[in-house]
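A.B. asks: give me the fold of what follows.
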Amino acid sequence: MESALPLTARTKLRVPWVAACVGSALLALFLALGLFLSRAPLPMPVVLGFGIGLLGTLALALTRYDAAVGLGILLLAAVRIEPAPSDLVFGVLIAVAFATWKFELHRAPLSVTLLVSAFLALNLIASIEAGDPARAINYFAISLYLGVLGLWLASYVHTDRRARLVLVAYLAAAVTSAAAASVALFMEFPGSEFLVIGPRAQGLFKDPNVFGPFLVPAALILMEETVAPRLLRLRLPVKLVFLAVLSLGVLFSFSRAAWLNFAVGTVVLLFVLALRRGGVRQALSLLLVTLAAGAALFAVAAATSSLSFLEQRASVQAYDTQRFGAQRSSIELASEHPLGIGPGQFERVSEISAHSTFVRALAEEGVLGLLVVLAIMLLTLGFATRNATASFGAYGIGSAALLGAWTGLLANSFFVDTLHWRHLWLVAALIWAATALRIRYPRR
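C.D. replies: Next up, the predicted model:
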């Protein structure tokens with residue numbers, strides 16, 4: 001007998017059950033894969049807590065989808081292990097999005113979708129040559145997840161409200177992380193030892209060279225919001241305090257790549273603002289703030305007796321020569337293995353680390369893989385440039401800041417492997433979302 005409920009009502013009733021079934025199946029697969037790849041026995045209380053957390057996340061995603069997104073963005077500040085806490089949340093959200101038809105892939109530029117798909121396909125082809133299959137599966141699984149995450153985030157951010165949610169959650173994560181790690185360098189408190197490594201701040205990341213760059217896009221977005229407020233309902237003094245905290249976090253990471261990232265991004269941001277109509281005053285105001293902040297950071301470094309270590313970190317390091325060795329090794333491997341040696345295999349066949357996104361891509365996915373990575377990076381840069389030229393932000397998130405953030409990340413990628421950085425894909429997704437909006441509504 002046909003149900004008396006209208007079709008729309010029946011659909012609403014079925015969707016949560018479909019989402020629960022499909023989401024639970026995908027979660028079980030994701031959990032099993034993570035436990036298999038970790039190869040580490042976990043205590044039963046940890047396993048039970050893990051399962052309860054996943055079910056709680058699934059319930060949150062089904063009932064308060066946007067709240068679950070905010071939680072995932074907040075957890076981007078913690079990537080000490082993989083899968084990271086944010087990966088579990090986003091894994092649930094992506095599964096639910098697939099099951100409930102919320103993954104609107106058409107909102108991401110088609111060219112980006114094709115290039116990301118091509119890169120993942122090249123990863124699979126290169127896996128044939130992998131000497132360590134378990135490592136290849138692990139590395140490819142992360143690449144697959146991050147590629148899907150970037151496309152999903154680009155499809156998710158399609159309203160001003162959602163853009164504000166992402167921005168506020170990201171800023172909260174970055175500012176809190178920067179403040180806690182900076183304080184932990186000079187004051188002991190419960191858990192402070194997990195936020196530093198020697199004299200360097202690292203937050204809840206595995207490496208200060210990831211922690212520092214995580215803060216840079218947040219700082220750049222906040223800088224543009226300071227002179228051209230759109231989404232944040234904060235007073236100017238609060239914005240300046242947050243900006244100072246983020247800058248201290250970048251400084252105390254003592255990461256030269258992060259410093260370069262921040263410097264390049266700031267220069268690009270100031271340049272774009274100065275070129276806009278009426279933007280010279282904004283650029284000059286921001287330049288004065290930047291100079292004052294630089295002087296304040298120098299004073300803080302002097303007051304905390306960090307100048308000597310700062311000078312030491314700014315000089316050439318003994319391991320810098322490894323970067324050139326990695327480039328030579330990558331070229332040799334690419335010539336011997338045209339299709340690449342397989343994802344995650346560089347350190348298995350070379351005595352040195354890749355130290356570069358492009359070096360790793362050339363060795364592990366071959367020349368085609370390098371070309372596809374360059375195409376994704378440069379195409380996104382082109383999108384960001386067009387958006388900034390047209391003053392077309394990601395639903396209120398400043399286009400000049402996003403261009404500066406992406407340019408800084410590109411500079412960073414020459415010296416550090418950034419492919420598996422969650423915030424790299426976050427910035428890319430925001431640029432893609434703005435591009436899709438600009439293409440759809442060029443006169444908005």
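A.B. asks: so which residues of this protein form strands?
C.D. replies: Under the criterion DSSP state E, strands of the chain are mapped to 78-79, 196-197, 200-201, 204-205.
A.B. asks: can you give the contact residues for the first one?
C.D. replies: Around strand 78-79, the neighbours that count as contacts under Cβ atoms under 8 Å, 6 or more residues apart in numbering are A84, P85, S86, G203, L204, F205, K206, V210, R422. C-beta coordinates here come from the backbone N, C-alpha and C atoms, glycine included.
A.B. asks: next, count neighbours for the nearest residue to the fifth one once chain neighbours are set aside.
C.D. replies: Nearest residue to L204 in three dimensions, chain neighbours excluded: A78, at 3.9 Å (Cβ to Cβ, 6 or more residues apart in numbering). Neighbourhood size, A78 [other Cβ atoms under 10 Å]: 15.
A.B. asks: run through who's touching stretch 147-158.
C.D. replies: Applying Cβ under 8 Å, 6+ apart, the external contacts of stretch 147-158 come out as 69, 90, 93-94, 97, 103-109, 112-113, 116-117, 119-120, 162-163, 166, 394-395, 422, 425-426, 428-430, 432-433, 436-437.
A.B. asks: filter the contacts of strand 78-79 down to the buried ones.
C.D. replies: A84, P85, S86, G203, L204, F205, V210, R422 (16 or more other Cβ atoms under 10 Å).
A.B. asks: for those, which one is nearest I73?
C.D. replies: Of all the buried ones among the contacts of strand 78-79, I73 sits closest to S86, with 7.6 Å by Cβ to Cβ.
A.B. asks: was I right about that closest one contacting R422?
C.D. replies: Yes: contact criterion Cβ atoms under 8 Å: S86 and R422 qualify, at 6.4 Å.
A.B. asks: what residues are shared contacts of these two?
C.D. replies: Common neighbours of S86 and R422, using Cβ under 8 Å, 6+ apart, are L76, V79.
A.B. asks: closest to M187 among the contacts of strand 78-79?
C.D. replies: G203 (15.4 Å).
A.B. asks: how far away is that closest one from I197?
C.D. replies: Separation of G203 from I197 (Cβ to Cβ, to the nearest Å) stands at 10 Å.
A.B. asks: mind listing what's buried in stretch 413-423?
C.D. replies: Buried-residue list, stretch 413-423, by 16+ other Cβ under 10 Å: S413, F415, V416, D417, T418, L419, H420, W421, R422, H423.
A.B. asks: take those residues and keep only those in helices.
C.D. replies: Per DSSP state H, helices hold the following members of the buried residues of stretch 413-423: S413, R422, H423.
A.B. asks: what does the pLDDT read for the first one?
C.D. replies: Here, the pLDDT recorded for S413 equals 94.
A.B. asks: residues in contact with the nearest residue to it once chain neighbours are set aside?
C.D. replies: Of all residues not flanking S413 in the chain, T357 sits nearest, at 4.1 Å (Cβ to Cβ, 6+ apart). Applying Cβ under 8 Å, 6+ apart, one finds that T357 lies in contact with V373, S413, F414, V416, D417, T418, L419.
A.B. asks: if we use 7 Å, what do you get?
C.D. replies: For T357, the contacting residues are V373, S413, D417, T418, L419, by Cβ atoms under 7 Å, 6 or more residues apart in numbering.
A.B. asks: and the residue nearest to A178 when sequence neighbours are not counted, what's its pLDDT?
C.D. replies: Excluding the flanking residues, the one nearest A178 by Cβ to Cβ, 6+ apart is G249, at 2.8 Å. We have a pLDDT of 94 for G249.
A.B. asks: I'd say G249 and A184 touch.
C.D. replies: No: the criterion here is Cβ atoms under 7 Å, and G249 misses it with A184 at 11.0 Å.
A.B. asks: shared neighbours of the two, anything?
C.D. replies: Residues touching both G249 and A184 (Cβ under 7 Å, 6+ apart): A201.
A.B. asks: more neighbours: which of these two?
C.D. replies: The neighbour comparison of G249 against A184 (other Cβ under 10 Å) goes to G249, with 27 against 20.
A.B. asks: where does pLDDT dip in the stretch 301-444 of the chain?
C.D. replies: Counting by pLDDT under 70, the stretch 301-444 of the chain has low-confidence residues at 301-328, 351, 441-444.
A.B. asks: could you pull out the helices for it?
C.D. replies: 307-314, 320-336, 346-349, 357-389, 399-413, 422-440 (DSSP state H, counting those that start in this stretch).
A.B. asks: switch those helices over to TSV; also include distance to A172.
C.D. replies: Shown next, in TSV, are those (distance: least, Cβ to Cβ, whole Å):
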stretch	distance to A172
helix 307-314	28
helix 320-336	35
helix 346-349	34
helix 357-389	24
helix 399-413	17
helix 422-440	14
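A.B. asks: domain map for this protein?
C.D. replies: Here the domain parsing of the chain from automatic domain parsing is 7-99, 107-440.
A.B. asks: return the most buried member of those.
C.D. replies: domain 107-440 (a mean of 20; mean count of other Cβ atoms under 10 Å).
A.B. asks: any idea how far that domain is from the chain center?
C.D. replies: 6 Å (Cα atoms, centre = their mean, to the nearest Å).
A.B. asks: give the contact list for D417.
C.D. replies: A354, H355, S356, T357, R360.
A.B. asks: tell me the phi and psi of it?
C.D. replies: Per-residue torsions, D417: phi -80, psi 110 (degrees, to the nearest 10).
A.B. asks: just the buried residues of stretch 413-423 now: which is nearest P237?
C.D. replies: Nearest to P237 among these: H423, at 26.5 Å, using Cβ to Cβ.
A.B. asks: report the contact partners of the nearest residue to that closest one once chain neighbours are set aside.
C.D. replies: Counting by Cβ to Cβ, 6+ apart, H423 lies nearest to F214, which is 5.1 Å off, once chain neighbours are set aside. The neighbours of F214, taking Cβ under 7 Å, 6+ apart as the test, are A174, F205, H423.
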